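Student: This is the structure alone, sequence omitted:
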């Protein structure tokens, strides 16, 4: 069995997890990125090509991640002949405000308040969010009176949210159809360019993500988050059958209570950060990437592979 | 041998450590938190109950953590029939300014300066600390002139401290009576709601803890901290015989020198963060939770269990 | 085979790595730091002495780190009879602005802009950097009009840099002459006193380093950094034959693009932070410290030790 993915986002973790589980690996990489990926021991078959979309005809099991929609397009993914790990129709749900809100509402997860244009006050701080996963770039914080001017340069759809001053925590889950179990595998904080203000405030800076740091959550907060995860799995089971298969993440602002700011409908880049919660479920370290490979192995052993691919 | 604890604070780490050491585990959990804890592989006996204080009659070895005093009360713990890992009378020492200062002074550990009301200047920044472990909530930073107004809403005892602008580091120790050795197992930073100001300052925000991140300390700072740990163990041996057994933490502000801001007289929540210092002493990963289980095992092997429980 | 080093900077990691690889260890430690180092299991021969420079006559393989130049001086190191792991003449390259710039330019790595005195504007923010590795202390951020006054107290050479508001990322590499391979082993952020402003800005604070936190870099940024690493290895091969042997680090500001702010021409203290990138190359955890010991072992097995020591 070979697993295939594209060189970016969380492919290192996916490949390493596959090697840890004894699966073969295939990686599609653009020539400019070859040197790095070729230096590792993680790739059995390295396909160096400018035409990344040849993965759509791959004969292995394709593991989608956060770069797939940007590289390949939703429609091409949904039409592709290749077998995808997970429910490929779930990928669409993170790409629009409307679908995100519908999913969170169905799950009963409180989310950040959207502010209508007529309610914006000149002196208050707001968070302007651009639609779709964008690695943080494009989003900005601004006072009400500045928003209009700054939006002239923005591309795509956006909305104005009530700004929640607090910490932002990204919770990584894995739903296993084979075991019938939801696992909470880790929590991270994003490292963003705007963190440059931590040492001395200069001016509002971009939210472009540079990396991720694992966070051990205050334990008393975990049961609520786990319940949100369960509710989300249940909701998506109704909204997009067969529902969630494998990794997803819920994204929260926390200022004493949690409000969702979005989610990832595939493995989240923040799961690249080291975490130990995988050991709550497994007697060895278990990243989200390794968990995917483990699920494939479990499915193969029980001859239930068709339950985890679409 | 079974170890028992309450579902909160650092119980995941305690349970995982016990499993790693081959001990059986029992967890007391409130019904609202059941789903999460029941999803893990860590609990051999799950006691789902609103009456968490039934743990006071447990027949295993009870591992106290940072939620015990809040859930059960100091007096009930000191009177309980159950056997507790560690010196249960040490738990009291973190609960009042007076005891904290007495312990730090006895150990000769420099600590943050308390400012008397008459010395407060209107324009200077101060840190107002509420008494007892509170997960950071209630503490606040304020200019002198704002303190009075904000204290009207505060509950419990408080004091005004000279604010130390710098980083806050939490150092996790384990004193082993069986090996006669102090181990420095890790260092963390708190992730607090006030970190929301790191990206753009909004207003002073709450110090409520959301989580913890492991920090590899600049190595040249470690010997001094280790010496503080040794001095603290020695001081508590005199102040509260038989002294410290097992985990504790010293909490420091660092602005180029260390000043203690408090301590934890049990396993500290910050030890939930991943760290590798346990390997300085052991040839495998060793969290504070696992270290507790290891100490129990070592004590059992040498028939010295009574030296590590009270 | 015994490896020897000085108690500071990254010696714990170096010693632990040596133990993991089955090598014997010798540590030179000042009396004031003895208690901590002696408490660990990492040291086979502990040399307690005020005269740390006796390591220059050591008969093992000496592993230099970031405290060597400060403790022993460049000239003494270059003249020493002892065998050093790595190219000891490379150590000099991090100690002056001129050599740093020459190396980065030769490698074609973009670096931070130096501002000439006549171009400093009163109201703009600048970063004033003192020459040589200093653990961050001495550097400061200031508006143009403040620089002159603050420099009066500065010791040593300095320069004024265009301030880059963003995150600072430290990338840890290992070049193996035995395998002919460059490995990217980890990325960290520094924890500095100035991070005290993250919760509420007080005033510009010192950049003194207190510790390090591992960062999982956004994967799409890694290939570019790896290519910089390759170019740096190639450049140093020409500038200081036999070039780089073993660990080094490139230090970057990131505000959407990378600009180098310096480098470490030996194991970097930030590699003390936990990271998993070592597993890209090895089927077990591999810190920079362990990687050094592994390289020595590989060299011994192939009777090529002279290729990794100078």
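Tutor: Received, thanks. What you are looking at is a predicted structure, and each value in this text was computed from that prediction instead of being measured.
Student: ranges for the helices of the stretch 151-300 of chain A?
Tutor: A:222-239, A:288-301 (DSSP state H, counting those that start in this stretch).
Student: Give me the contact list for the worst-scoring helix or strand of chain A on mean pLDDT.
Tutor: Least confident element among the helices and strands of chain A, by mean pLDDT, DSSP states H and E: helix A:144-151 (a mean of 90). Contact partners of helix A:144-151, identified using Cβ atoms under 8 Å, 6 or more residues apart in numbering or on different chains, comprise A:120-124, A:126, A:128, A:140, A:142, A:158, A:160. C-beta coordinates here come from the backbone N, C-alpha and C atoms, glycine included.
Student: Can you say which of those are buried?
Tutor: A:126, A:128, A:140, A:142, A:158, A:160 (16 or more other Cβ atoms under 10 Å in any protein chain shown).
Student: picking that back up, tabulate the helices of the stretch 151-300 of chain A in JSON lines, adding columns for mean pLDDT and mean neighbour count.
Tutor: As requested, the helices of the stretch 151-300 of chain A are arranged in JSON lines below (pLDDT from 0 to 100; neighbours: other Cβ atoms under 10 Å in any protein chain shown):
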{"stretch": "helix A:222-239", "mean pLDDT": "98", "mean neighbour count": "19"}
{"stretch": "helix A:288-301", "mean pLDDT": "98", "mean neighbour count": "22"}
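Student: and the residue nearest to residue A:178 when sequence neighbours are not counted, what does it touch?
Tutor: Distances taken as Cβ to Cβ, 6 or more residues apart in numbering or on different chains place residue A:298 nearest to residue A:178, at 4.7 Å, with adjacent residues excluded. Contacts for residue A:298 were tallied using Cβ under 8 Å, 6+ apart; they are A:176, A:178-179.
Student: got it, and residue A:87?
Tutor: Counted by Cβ under 8 Å, 6+ apart, residue A:87 has contacts A:240, A:242-245, A:310.
Student: Equivalent analysis for residue A:18, please.
Tutor: Here residue A:18 is in contact with A:3, A:24-25, A:289-290, A:292-293 (Cβ under 8 Å, 6+ apart).
Student: Dump these to CSV, plus distance to chain C.
Tutor: Shown next, in CSV, are the contacts of residue A:18 (distance: Cβ to the nearest Cβ, whole Å):
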residue, distance to chain C
A:3, 17
A:24, 15
A:25, 12
A:289, 11
A:290, 11
A:292, 16
A:293, 14
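Student: Let me have the helices of the stretch 151-300 of chain A in CSV, adding distance to residue C:167 as columns.
Tutor: Shown next, in CSV, are the helices of the stretch 151-300 of chain A (distance: least, Cβ to Cβ, whole Å):
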stretch, distance to residue C:167
helix A:222-239, 27
helix A:288-301, 24
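Student: of all these, which lies closest to residue A:48?
Tutor: In terms of Cβ to Cβ, the element of those nearest to residue A:48 is helix A:288-301, at 21.9 Å.
Student: what's the closest non-adjacent residue to residue A:199?
Tutor: Per Cβ to Cβ, 6+ apart, closest to residue A:199 is residue C:194, 4.1 Å.
Student: coming back round to it: in TSV, list the contacts of residue A:298 along with pLDDT.
Tutor: As requested, the contacts of residue A:298 are exported to TSV (pLDDT from 0 to 100):
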residue	pLDDT
A:176	98
A:178	98
A:179	98
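Student: Return the closest of these with respect to residue C:211.
Tutor: residue A:176 (37.0 Å).
Student: Enumerate the beta-bridge partners assigned to the closest one.
Tutor: residue A:181 (DSSP bridges).
Student: Residue A:296 is in contact with that one, correct?
Tutor: No - counting by Cβ atoms under 8 Å, residue A:176 does not reach residue A:296; the two are 11.0 Å apart.
Student: Not counting its neighbours along the chain, what's nearest the spatially most central residue of chain A?
Tutor: Centroid check for chain A by Cα atoms, centre = their mean gives residue A:268 as the closest residue, at 2.7 Å. Nearest residue to residue A:268 in three dimensions, chain neighbours excluded: residue A:249, at 3.5 Å (Cβ to Cβ, 6+ apart).
Student: try residue A:132
Tutor: Residue A:132 sits nearest to residue A:95 (Cβ to Cβ, 6+ apart), 5.0 Å away.
Student: Contact partners for that neighbour?
Tutor: Contacts for residue A:95 (Cβ under 8 Å, 6+ apart) come out as A:69, A:74, A:131-133.
Student: quick one on the thing from earlier: would you show me how to pick out the buried ones of the contacts of residue A:298 in ChimeraX?
Tutor: Buried subset of the contacts of residue A:298, written as a ChimeraX selection, criterion 16+ other Cβ under 10 Å:
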select /A:176,178
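Student: about what we covered before: and the residue nearest to residue A:178, how close does it get to chain C?
Tutor: Using Cβ to the nearest Cβ, to the nearest Å, we find residue A:298 at a distance of 22 Å from chain C.
Student: where does the stretch 151-300 of chain A have low pLDDT?
Tutor: Applying pLDDT under 70 to the stretch 151-300 of chain A flags no residue at all.
Student: now the strands for it?
Tutor: With DSSP state E, counting those that start in this stretch as the criterion, the stretch 151-300 of chain A has strands at A:158-162, A:167-176, A:181-192, A:209-214, A:216-217, A:246-254, A:258-264.
Student: and residue A:11, which of these is closest to it?
Tutor: strand A:246-254 (13.6 Å).
Student: what angle separates the closest one from strand A:167-176?
Tutor: Angle of strand A:246-254 versus strand A:167-176, following axes from the mean of the first three to the mean of the last three Cα atoms, to 10 degrees, is 160 degrees.
Student: by contact count, what packs against strand A:246-254?
Tutor: Packing contacts for strand A:246-254, counted by 3 or more Cβ pairs under 8 Å, 6 or more residues apart in numbering or on different chains; DSSP states H and E, involve strand A:167-176, helix A:222-239, strand A:258-264, helix A:288-301.
Student: now the angle from the second one to strand A:258-264?
Tutor: To tie it back to what came earlier, the one meant is helix A:222-239. Using the same axes, to 10 degrees: helix A:222-239 against strand A:258-264 is 50 degrees.
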